[in-house]
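# here you go, sequence then predicted model.
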There are 2 protein chains.
Amino acid sequence: MDVLIDKIIEKKNPSVIGLDPRPEYIPPHIMKKHISEKGETLEAAADAYFEFNRGLIDAIWEVVPAVKPQAAFYELLGPPGVEAFRRTAAYAKSKGLYVIGDIKRNDIGSTAQAYSEAYLGAVKIGDTLHKAFDCDSVTVSGYLGSDGIKPFLDVCKREKKTLFTLVKTSNKSSGELQDLVTGKGRVYELMGKMLEDLSKDTMGKYGYSICGAVVGATFPNELVRLRGLLKNTFFLVPGYGAQGGSAADVAGAFDNRGLGAVVNSSRGVICAWMKTGYNGEDYMEAAAREALKMKDDITKYCI
Amino acid sequence: MDVLIDKIIEKKNPSVIGLDPRPEYIPPHIMKKHISEKGETLEAAADAYFEFNRGLIDAIWEVVPAVKPQAAFYELLGPPGVEAFRRTAAYAKSKGLYVIGDIKRNDIGSTAQAYSEAYLGAVKIGDTLHKAFDCDSVTVSGYLGSDGIKPFLDVCKREKKTLFTLVKTSNKSSGELQDLVTGKGRVYELMGKMLEDLSKDTMGKYGYSICGAVVGATFPNELVRLRGLLKNTFFLVPGYGAQGGSAADVAGAFDNRGLGAVVNSSRGVICAWMKTGYNGEDYMEAAAREALKMKDDITKYCI
């Protein structure tokens, strides 16, 4: 986790921008250009996604330490979309950004190992090693228990990378399962404790392990309790901005050094152009402005 | 769920074959051919996966009603692997097989909707609709609550397709979270009940909803209890064969008509060639033989 935290300190900004494109989020001039080249195809849309993302990355890389592409939106375009995901991750890395692949995969044993090698590690074909997606970090779901976490931890240890496991998510219905009270505590607390146990031999110089937790900004009280409970777990905090969480809501995610969390915003930044009245020609400037505004907003409470 | 059950009745066989390729599962003559054409590349391995799968499908389609490709193994090969997943699903459908995409996705709201449109529905580029993967069914994780299930249900209703949500999984550590006792019952029981509630308006002619449950063969007692508890939920049962579950272990998954479940085997069938001593030239015959043996084994207890 040190690599991410060093970048956060360097940029004085604990925020991550979600690169979550949809056809309607792409400025019309970009989508039109690619459709005129390749027709109304998945390939054209995937090329448009990548051009949009490249512009966003160019606009924000000097301000933010990390980006988080959400796999779902790329998979919606089939294999060409998945290629746009790969290219986006590679381009972001080339600009020094920490890339968190938001894949929320959920599987066990050799299957979880395949996912972790795909997104964080490598595969051998004959005698040649290939890195399929080469992210710095991924999100994972732990419903299946430690069998679903350990393979990711093993690859992260080897590759000096990280994962973030879902603990208390930002959506309205997250409590249906996660808040259930058991004899040993709430389900989400037990999930958090399981992660700390599994990763306690991986502490970095800032006292955080390689296994972080996803904890939503929309439940500020739970966020504060989890910060106290999981002292060695770095948090990825969705729910700020468009989802309703404020800077004050995420304040509880940070430790007394102002570290301990990275806060995500997606639509607030990537769709900023929709509010300026310039039809998207200014999408880079609009994104840069919002990313700076977010930085100023959150850093009232940290670093 | 009627489409799947009709196919099970037609073939008199409630089994599904997991198409879970790995470089070492591919008969050497197939891998060599593609490496000689495209080098030790991800593209060569992906082409080998597809040729292997096509042979397996040709070998088993007359005997089994369904196949279940596991996304992890394809994603390990990057975008070319994802294209092999897409081609495998399309080829299996062309042979009349029911295709369950084993993607175990886990997200909420518009993100879950993107996953469901990707794997079960369609996306519009300009005025043109594209089906990215076009499976008949997918697997989903419900840790995030009903916000993560409803978008899949909506697309399934519209497209007349199905989903299977993780309830009690087959792995050793599944109890760590799923067996926790709450005031209202065990976590996995509550997950099962939530699914029945969410999908109760989608009953088919056999009395099963469009939202099935993944319940492992490795916990036969829990399987029996869940069969009693979730009368309207069709089960996808992993864990038979290589993972240790026997036909007697899965018997409890069926209702008194011998319906109510489809049982998965992956390695037992697709790797059958490794035990015959013919270096993989006979992989189709070996797979067909094992698929028939599995049918004879399970149908002692059903249909």
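Nice, I can see it. Numbers count the residues shown, from 1 in each chain, chains lettered A, B, ... in the order given.
# let me see the contact set for the closest residue in space to A:L292 that isn't next to it in sequence.
Closest residue to A:L292 apart from its sequence neighbours, by Cβ to Cβ, 6 or more residues apart in numbering or on different chains: A:V63 at 5.8 Å. Backbone N, C-alpha and C define where each C-beta goes, glycine included. A:V63 makes contact with A:K11, A:N13, A:A288, A:A291, A:L292, A:K295 under the criterion Cβ atoms under 8 Å, 6 or more residues apart in numbering or on different chains.
# list buried residues within those.
Buried residues within the contacts of A:V63, counting neighbours by 16 or more other Cβ atoms under 10 Å in any protein chain shown: A:K11, A:N13, A:A288, A:A291, A:L292, A:K295.
# so which elements touch whatever helix or strand A:K157 lives in?
Taking DSSP states H and E as the criterion, A:K157 maps to helix A:150-159. In this structure, helix A:150-159 packs against helix A:109-119, strand A:162-168, with contacts taken as 3 or more Cβ pairs under 8 Å, 6 or more residues apart in numbering or on different chains; DSSP states H and E.
# TSV for the ones you listed, including mean neighbour count and mean pLDDT?
Listed next are the helices and strands packed on helix A:150-159 as TSV, based on neighbours: other Cβ atoms under 10 Å in any protein chain shown; pLDDT from 0 to 100:
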stretch	mean neighbour count	mean pLDDT
helix A:109-119	25	97
strand A:162-168	27	97
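# any chance of these in a markdown table, with distance to B:M203 too?
Rendered in a markdown table, the data for the helices and strands packed on helix A:150-159 read as follows (distance: least, Cβ to Cβ, whole Å):
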| stretch | distance to B:M203 |
| --- | --- |
| helix A:109-119 | 32 |
| strand A:162-168 | 31 |
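# among the ones you listed, which is nearest chain B?
helix A:109-119 (3.9 Å; Cβ to the nearest Cβ).
# what angle sits between the closest one and helix A:150-159?
For helix A:109-119 and helix A:150-159, the angle between their directions (axes from the mean of the first three to the mean of the last three Cα atoms, to 10 degrees) works out to 40 degrees.
# what separates helix A:109-119 from the chain centre, distance-wise?
Per Cα atoms, centre = their mean, to the nearest Å, the displacement of helix A:109-119 from the mean C-alpha position of its chain is 18 Å.
# next, the contact list for A:G121, please.
Residues counted as contacts of A:G121 (Cβ under 8 Å, 6+ apart) are A:K131, A:V155, A:R158, A:E159.
# with adjacent residues omitted, what lies nearest to the second one?
The shortest distance from A:V155 to any non-neighbouring residue, by Cβ to Cβ, 6+ apart, is to A:S116 (4.0 Å).
# number of nearby residues for the residue nearest to A:K172 when sequence neighbours are not counted?
With sequence-adjacent residues excluded and distances taken as Cβ to Cβ, 6+ apart, A:K172 is closest to B:D147, at 6.2 Å. Around B:D147 sit 20 other residues, with neighbours defined as other Cβ atoms under 10 Å in any protein chain shown.
# same check, this time on the one 5 residues further on
With neighbours defined by other Cβ under 10 Å, the count for B:F152 comes to 30.
# B:A112 is in contact with that one, correct?
Yes - with contact defined as Cβ atoms under 8 Å, B:F152 counts as touching B:A112 (6.3 Å).
# quick one on the thing from earlier: contacting residues for the residue nearest to A:V155?
Residues A:V138, A:P151, A:F152, A:D154, A:V155, A:C156, A:L163 are the ones in contact with A:S116 under the rule Cβ under 8 Å, 6+ apart.
# let's see that with 6 Å instead.
Residues counted as contacts of A:S116 (Cβ atoms under 6 Å, 6 or more residues apart in numbering or on different chains) are A:P151, A:F152, A:V155.
# what's the answer for A:R186, then?
For A:R186, the contacting residues are A:D179, by Cβ under 6 Å, 6+ apart.
# that one bridge partners, please.
Per DSSP bridges, the residues bridged to A:R186 are A:V181.
# pLDDT score for it?
According to the prediction, A:R186 has pLDDT 95.
# which helix or strand lies directly C-terminal to the longest helix seen in chain A?
The residue-count maximum for a helix in chain A (DSSP state H) belongs to helix A:42-60. Per DSSP H and E, the first helix or strand lying C-terminal to helix A:42-60 is strand A:66-69.
# ok, that next one: who's next to it in the sheet?
The strands beside strand A:66-69 in its sheet (DSSP bridges) come out as strand A:15-19 (parallel), strand A:98-105 (parallel).
# check what contacts it and list those residues.
The list of residues contacting strand A:66-69 from outside it, by Cβ under 6 Å, 6+ apart, reads A:V16, A:I17, A:G18, A:L19, A:F85, A:T88, A:A92, A:L97, A:Y98, A:I100, A:D102, A:N264.
# the buried ones among the contacts of A:V63 into a markdown table, with extra columns for distance to A:V167 and secondary structure?
A markdown table is the format used below for those (distance: Cβ to Cβ, whole Å; DSSP: H, G, I helix; E, B strand; the rest coil):
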| residue | distance to A:V167 | secondary structure |
| --- | --- | --- |
| A:K11 | 25 | helix |
| A:N13 | 23 | coil |
| A:A288 | 32 | helix |
| A:A291 | 26 | helix |
| A:L292 | 30 | helix |
| A:K295 | 25 | helix |
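# and those, which is closest to A:G192?
For the buried ones among the contacts of A:V63, the closest approach to A:G192 (Cβ to Cβ) belongs to A:N13, at 25.4 Å.
# not counting its neighbours along the chain, what's nearest that closest one?
Using Cβ to Cβ, 6+ apart and skipping residues adjacent in sequence, the residue nearest A:N13 is A:K295, 4.5 Å away.
# from B:S170, how far off is that neighbour?
Plainly put, A:K295 is 46 Å away from B:S170 if you go by Cβ to Cβ, to the nearest Å.
# flag every residue of the stretch 51-200 of chain A that's near chain B.
On the criterion Cβ under 6 Å from any Cβ of the partner chain, chain B has as its neighbours in the stretch 51-200 of chain A the residues A:72-73, A:75-76, A:78-79, A:82-83, A:86, A:104, A:106-108, A:111, A:114-115, A:117-118, A:123, A:125-126, A:128, A:130, A:132, A:141, A:143-147, A:166, A:169, A:171, A:173-174, A:176-177, A:180-182.
# select only the buried ones of these in ChimeraX?
In ChimeraX, the members of those classed as buried (16+ other Cβ under 10 Å) are selected with the following command:
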select /A:72,73,75,76,78,79,82,83,86,104,106,107,108,111,114,115,117,118,123,125,130,132,141,143,144,145,146,147,166,169,171,173,174,176,177,180,182
